[in-house]
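# A structural model of the following input is requested.
(chains A and B)
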Amino acid sequence: MERNIALIALFAALIAALGLIPQVTLAFGVPISAQSLGVMLCGTVLGARRGALAVLLFLLLVALGLPLLAGGRGGLGVFAGPTAGFLVGFPVAAFVTGWIVERWRGAPLALAAGVASVIGGVVVLYAFGITGMALVLGKTWGEAALLVAVFVPGDALKAAIAGMLTAALARARPGSVLSRG
Amino acid sequence: MICLTSPVETRAHRWPAGAKLAALCVATMVLFAARAPLFHAAAFLGMLALYAAPGRVFLRAGVGRLLVLWPFLAVIALWHGWTGTPEAGLVIALRLVTAVGLANLVTMTTRLDDMIAVLRRLAAPLRRFGISTRALELGVALVIRFTPALAHKGGLLAQSWRARSPRRVGWRIVLPFALLAIDDADHVAEAIRARGGI
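Okay, here's the model as predicted:
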């Protein structure tokens, strides 16, 4: 019980801290916000339920008025803006990612976590994000999808990274990857 | 830890947080239901007036927080200018800025402890069903305490990266960073258990 709460809280803090440290650059010099990587890791490491709870806790603190989103954004305004759909999709993305890693035990962890991150952290997350953007900006779903399509390759790369990181974490701290516990 | 509450003391700081949140819910729903351009223009001006009332410093801080919306406003302007529907574009743009502006206004005029008090009140009914809300309260406190601590450690990791490599900080740094979080969680869990648990 105590360990679950500590892990959920520390991973929520990890998502926040990943938004606070200077931007991380990918191999091609593309700066990324590591924050959505944090959401994927919540799912692949903590599993469906705990991962979603960690992301919910993070969002709760954003809503309470802490500037924890990348770029120091936060407060209630971000939930009324065009990217609100992505925030709503964060916990669902972590849940789906974790659920797949928990179920798909036959595959090596890196592969399972990578594929799960693509499905949860890209497909599911963008479904929510695009829907939110379509509603707020008054566009059709297809038009909103066009607006965010440029970010998909970067996030797919992040999903692959999440897979590798999860496998490396499992080697370093075997007891901590609860999705396979 | 830094909070988004405005240091400029306004009259709204003393209004009950729950009432402000309820009013924000109603206002947002009305904004998304209304269609008339005149209504949205009036709502936008009303929002600006609310920002201007406490003085220039508050107004500048508030408008600064709305400037992050400019890429979306540019997209709306281009889109509706191109498709020849400027009126629809204006309604969408005004609605977006007003909705975000009002929500930011509640955040700027409500202290963190007042927000947490509302949260505690909202979670109270759970206790009647035998669900402990202590875990939630402890979780909130832990995140507030550990975010700056982890960010500090992440900064140190980035520094040691730069001391050893000519290249920019890459994604590999997330691994030791996540390990730090996991190890901290183990220590915290042990400390909570040593103090009698939850």
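# who are the neighbours in contact with residue 84?
Reading this off chain A. With contacts defined as Cβ atoms under 8 Å, 6 or more residues apart in numbering or on different chains, A:A84 is in contact with A:V78, A:G132, A:V136. Glycine gets a C-beta too; all of them are placed from N, C-alpha and C.
# and the last one, how many neighbours does it have?
To tie it back to what came earlier, the one meant is A:V136. Using other Cβ atoms under 10 Å in any protein chain shown, A:V136 has 22 other residues around it.
# Next, name the residue at the spatial heart of chain A.
Note on chain A: the residue nearest the mean C-alpha position is A:V39, at 2.2 Å, using Cα atoms, centre = their mean.
# And the next helix or strand past the helix or strand harbouring that residue?
Under the criterion of DSSP states H and E, A:V39 resides in helix A:35-46. Counting by DSSP H and E, the element after helix A:35-46 in chain order, helix or strand, is helix A:48-64.
# That following helix - contacts with which helices or strands?
Applying 3 or more Cβ pairs under 8 Å, 6 or more residues apart in numbering or on different chains; DSSP states H and E, one finds that helix A:48-64 contacts helix A:2-20, helix A:35-46, helix A:84-103, helix B:112-128, helix B:134-164.
# what's the spacing between it and its chain's center?
On the basis of Cα atoms, centre = their mean, to the nearest Å, helix A:48-64 sits 11 Å off its chain's mean C-alpha point.
# Quick one: mean pLDDT for that helix?
For helix A:48-64, mean pLDDT is 94.
# show me where pLDDT drops low in the chain?
Going with chain A. A:21-33 (pLDDT under 70).
# actually chain B
B:1-2.
# Would you map out the domains in chain B?
For chain B, the structural domains run B:16-110, B:130-194, going by automatic domain parsing.
# starting at the chain centroid, how far to the last one?
I take that to be domain B:130-194. Distance, centroid of domain B:130-194 to centroid of chain: 21 Å (Cα atoms, centre = their mean).
# And for the first one?
Per Cα atoms, centre = their mean, the displacement of domain B:16-110 from the mean C-alpha position of its chain is 16 Å.
# How about that domain and chain A, any contact?
Yes: Domain B:16-110 is in contact with chain A by Cβ under 8 Å from any Cβ of the partner chain, via B:24, B:28, B:65, B:68-69, B:72, B:75-76, B:79, B:88, B:91-92, B:96, B:99-104, B:106-108, B:110.
# circling back: check which helices and strands the helix holding A:V39 is in contact with.
helix A:2-20, helix A:48-64, helix A:84-103, helix A:109-117, helix A:152-172, helix B:174-194.
# residues in contact with residue 137?
Reading this off chain A. A:P82, A:A144, A:L147, B:F72, B:V75, B:I76, B:I92, B:L96.
# Can you look at chain B instead?
So B:E137 contacts B:R120 (Cβ under 8 Å, 6+ apart).
# go on, B:A17?
So B:A17 contacts B:T110, B:D114, B:M115, B:A117, B:V118 (Cβ under 8 Å, 6+ apart).
# Name the nearest residue to it, ignoring sequence neighbours.
B:D114 (4.1 Å; Cβ to Cβ, 6 or more residues apart in numbering or on different chains).
# What of A:G85?
A:G132 (1.7 Å).
# I'd say the one you found and A:G81 touch.
No: the pair A:G132 / A:G81 is not scored as a contact, 9.0 Å apart, by Cβ atoms under 8 Å.
# Which one's more surrounded, these two?
More crowded of A:G132 and A:G81, by other Cβ under 10 Å: A:G81, with 24 against 21.
# So which of the contacts of A:L137 is surrounded by the most neighbours?
A:P82 (26 neighbours).
# Contacts for the helix or strand where B:L38 lies next, please.
Following DSSP H and E, one finds B:L38 within helix B:37-52. Defining contact as Cβ under 8 Å, 6+ apart, one finds that helix B:37-52 is touched by B:31, B:34, B:58-59, B:62-63, B:87, B:90-91, B:94-95, B:97-98, B:101-102, B:105.
# Among those, name the buried ones.
Neighbour-count burial (16 or more other Cβ atoms under 10 Å in any protein chain shown) is assigned, among these, to B:31, B:58-59, B:62, B:90-91, B:94-95, B:97-98, B:101-102, B:105.
# Which ones among those residues map onto helices?
Using DSSP state H, B:31, B:58-59, B:62, B:90-91, B:94-95, B:97-98, B:101-102, B:105 are the members of these that sit in helices.
# circling back to that earlier point, would you mind saying which of the helices and strands packed on helix A:48-64 lies nearest B:A12?
Set against B:A12 and scored by Cβ to Cβ, the helices and strands packed on helix A:48-64 come closest in helix B:112-128, at 11.3 Å.
# and that closest one, what other elements does it pack with?
helix A:48-64, helix B:17-33, helix B:134-164.
# Show me what counts as buried in it.
Neighbour count says helix B:112-128 has B:L112, B:D114, B:M115, B:I116, B:V118, B:L119 buried, by 16+ other Cβ under 10 Å.
# ok, now which ones touch the fourth one?
Okay, so that is B:I116. A:L64, B:V140.
# again, but for B:D186
A:R3, A:A6, A:S176.
# before we move on, back to that, how about the contacts of B:A17, which pair is most distant?
B:T110 and B:A117 (10.0 Å).
# who wins for proximity to A:A110 among the domains of chain B?
That would be domain B:130-194 among the domains of chain B, by Cβ to Cβ, at 12.8 Å.
# end-to-end on that closest one?
End-to-end span of domain B:130-194 (Cα to Cα, to the nearest Å): 24 Å.
# I'd say A:A162 and A:T44 touch.
Yes: between A:A162 and A:T44 there is a contact under Cβ under 8 Å: 5.9 Å.
# Now the common contact residues for these two.
By Cβ under 8 Å, 6+ apart, the residues touching both A:A162 and A:T44 are A:A113, A:S117.
# The two: which is more packed in?
A:T44 (34 against 31).
# Report the contact partners of that one.
By Cβ under 8 Å, 6+ apart, the neighbours of A:T44 are A:G51, A:T97, A:G98, A:V101, A:A113, A:A116, A:S117, A:A162, A:G163, A:T166, A:V177, A:S179.
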